[in-house]
Structure formats: structure tokens, C-alpha cells
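Chemist: I'd like to go over a predicted model; first the sequence, then the structure.
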Amino acid sequence: MNIQIIIGQMLMLFAMMLIGYVIWKRNWMDENAYQKLSRIVVNIFNPVLVIYGVAGKSSAGNTGLLLQNLMFVVLFYGLLWIMGYVILIVVRPRKEERKLYRLMTMFPNVGFMGIPVITSIFGNDSMIYIVFYMLAYNLLIYTYGIILARKAGEEMYPVSDIQRDNGTKGNNKKELGIPWKRMLNSGVIASVAAILIFLLQIPLPDIVVDFCDYMGNATIPLSMMLIGISIAKVNLRAIFTNVKIYLFTAVRMVVFPIAMILLIKQLVSVDTMIFGVFALQLAMPVGSIVTLIAKENGADEACCTNGIVLSTLLSMITIPTVCMFL
């Protein structure tokens, strides 16, 4: 893999993030516009790009590759679950932050940043493999992710014996069940549709493919600009002085992916693109939805925000570093 090409792609994505940063700092976009644009990208542009990534692609002879990719998806989340406990030993966060560090470890940004980074390196042919990671991500974040965030909230605001007897919670944190309806979002629908289109070879009219092409082309710059805006909104000085977040980022995004790449390459022979998608997903920064999950369940959202921002900024360096070992 040509590392110079990867560095060039990362610099291009960083430039898009920088534009978003400038837009926010010059007050060309307010919070309301940011929230609306983010919703549009997540629910329209990103799903359209997913569909375009499989349009016209042949599934002939790819059944074995898809099964191979599926096994790597299972391995991916299994390794991240184990790594969540390793991170606690290395970083040694406060008790009320332990579940949040596991949350940040388990749920990297496989879609919002994974799509632009991976497709810029491997092209749109990699999209069918990415959608499996996105589908599993959505199913896990709204089940296991919410369980972790809820427990973190309970540790941050313990329930007293009197409150427990009265059936109330501390800090007026409302009790939430698993939001099954939220699991059926546009990302999940697009992922399932993409898999079916690819496997069943469902032909799409040329006008539909062209539409997805035009719309999908806007996804990458808009996604990176929104990430840049999210960085501009926080106090970078406070984040850059957080030693534990640096340690978390180094272990989670450099040491862990490189160790897994070297180990797996010695054990199995796998398709280059499938392994590349797996390795790059391991190196992705913390997913932005983690903060929302933490906030909704009464946990310390600032801890998650720090992890998201610093890991995203450092990913411009860590991802090319990881790619050197592919």
C-alpha cells in the first residue's frame, strides 16, 4: 500500500475538516443550522452513498468474500469488547468513567468517518464491506451501548436507599428502555437494502444510479466539514491537557490496531480489501453518537466529547501510521 497516497488522502480530508472549523469560527453557521445539516447528512446523504456504493456491482463469485467479511465484522466487535477491559487497566479512569471508556472503545466512527476514509483509499468497491460494520454498529449501539451509558449514569449519580424505596432516580434521570424504533433508522435500512441489492443483483435504473452518484459525492465533504465544526465548538485547551485521553487514543488507535494487523497476518490469508477495511475500522476515532448516548442516559458527556475530539484530530496521524503495517 502506497503510504504517500494515504497521507495525501488524509490531508485532503483534514482540509475539509479545517473548512468546517473556519465556518464555525467565522459564525457562518449557528448551532441550529449545524444540527439540521448533521441530520440531513446522516439520514439522507450517507444512506444514498451506501446505495451508490453497491449499484451495478456484481456479486458473482463474491459469496466467499462476503462471508469472510462477515467473520471479520464479528471478530471486530469481539476484539473491541475485550479491548474495552484492557483500556481500563492501562488508562485507569475514575470509577464513574470506566463504562464510558468501554463505550468509546467499543464504538468507533465506522460510518461518518469510516466511509470517507476507507472509500478514499480503496474506492467505492469497498462500500459493500463497510455496510456490514455499519449494520452491526447500529444494532449494538442502541442495545449494549445504551446499557453501558445507563450504568455509567447510575455510577455518576448513585441512587440513595430512600430514593430506591420511593422508586425514584437520582438527578431526575429518566429510565429508558431499549429504543427498538431508533434501531430502524435510515442507516440500517440503507445497509440492509445495499446488501440485498448486491446479493440479489437487483438492477437499478440509470437515473437512480446517477441520482445516488450526485448526492453521494456531497457526503464526504459535508461529513468532514461537520466533524470540523464539532471540533471548533469545544475547548481544545482542556482536551489537549487531558493525559488519560492521550493514553487512550495511543493504545486504542495505534497500539491495538497494529498489534491485531501483525497477529492476524501471521495466522490467516485474507483478501487485501477486506483486511484493509477491517484494519482501518480498528483505527477509526471514537464515534460521535457516543456523546449523545451518554447525555441521554445521564452519564458524563464531557468525557466522551474529549475522547471524540482528540481521537478525531490525531486520526490524521494515526491512520497513516497504521496503514504502514498493512
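Modeler: Great, that's in hand.

Chemist: got a list of what residue 54 touches?
Modeler: When the contact criterion is C-beta atoms under 8 Å, 6 or more residues apart in numbering, the partners of residue 54 are 127-128, 131, 194-195, 197-198. (Each C-beta comes from the backbone N, C-alpha and C, glycine too.)

Chemist: Quick one: mean pLDDT over stretch 99-107.
Modeler: Per-residue pLDDT over stretch 99-107 has a mean of 94.

Chemist: go on, stretch 309-322?
Modeler: Average pLDDT, stretch 309-322: 91.

Chemist: got it, and stretch 217-227?
Modeler: 86.

Chemist: buried residues in that stretch?
Modeler: For stretch 217-227, a neighbour-count test (16 or more other C-beta atoms under 10 Å) marks 219-227 as buried.

Chemist: Which single one of the residues you listed is nearest to residue 34?
Modeler: residue 226 (7.2 Å; C-beta to C-beta).

Chemist: That closest one belongs to a helix?
Modeler: Yes. Counting by DSSP: H, G, I helix; E, B strand; the rest coil, residue 226 is part of a helix.

Chemist: Hmm, residue 310 is touching residue 247, no?
Modeler: No. Using C-beta atoms under 8 Å, residue 310 is not in contact with residue 247, being 10.7 Å away.

Chemist: quick one, what contacts the nearest residue to residue 84 once chain neighbours are set aside?
Modeler: With C-beta to C-beta, 6 or more residues apart in numbering as the criterion, residue 84 has its nearest non-adjacent residue at 3.6 Å, and that residue is residue 102. Neighbouring residues of residue 102 by C-beta under 8 Å, 6+ apart: 84-85, 87-88, 148.

Chemist: about what we covered before: which two in the buried residues of stretch 217-227 are spaced the farthest apart?
Modeler: It's 219 and 227 that sit farthest apart of these, by C-beta to C-beta, at 12.5 Å.

Chemist: ok so, going back, tell me how far the host helix or strand of the residue nearest to residue 84 is from the chain's mean position?
Modeler: Using DSSP states H and E, residue 102 sits within helix 98-106. Distance of helix 98-106 from its chain centroid, counting by C-alpha atoms, centre = their mean, to the nearest Å, is 13 Å.

Chemist: Tell me the first helix or strand C-terminal of it.
Modeler: Per DSSP H and E, helix 98-106 leads on to helix 114-122 as the next helix or strand towards the C-terminus.

Chemist: can I get the CA coordinates of that following helix in PDB?
Modeler: Extracted in PDB, the C-alpha atoms of helix 114-122 (Å, rounded to 0.1, in the frame of the first residue of the first chain):
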ATOM      1  CA  GLY A 114     -15.100   5.300   8.100                       C
ATOM      2  CA  ILE A 115     -16.900   5.800   4.800                       C
ATOM      3  CA  PRO A 116     -14.900   8.800   3.500                       C
ATOM      4  CA  VAL A 117     -11.500   7.500   4.800                       C
ATOM      5  CA  ILE A 118     -11.900   3.900   3.500                       C
ATOM      6  CA  THR A 119     -13.500   4.700   0.200                       C
ATOM      7  CA  SER A 120     -10.900   7.400  -0.500                       C
ATOM      8  CA  ILE A 121      -8.300   4.600  -0.100                       C
ATOM      9  CA  PHE A 122     -10.000   1.500  -1.500                       C
END
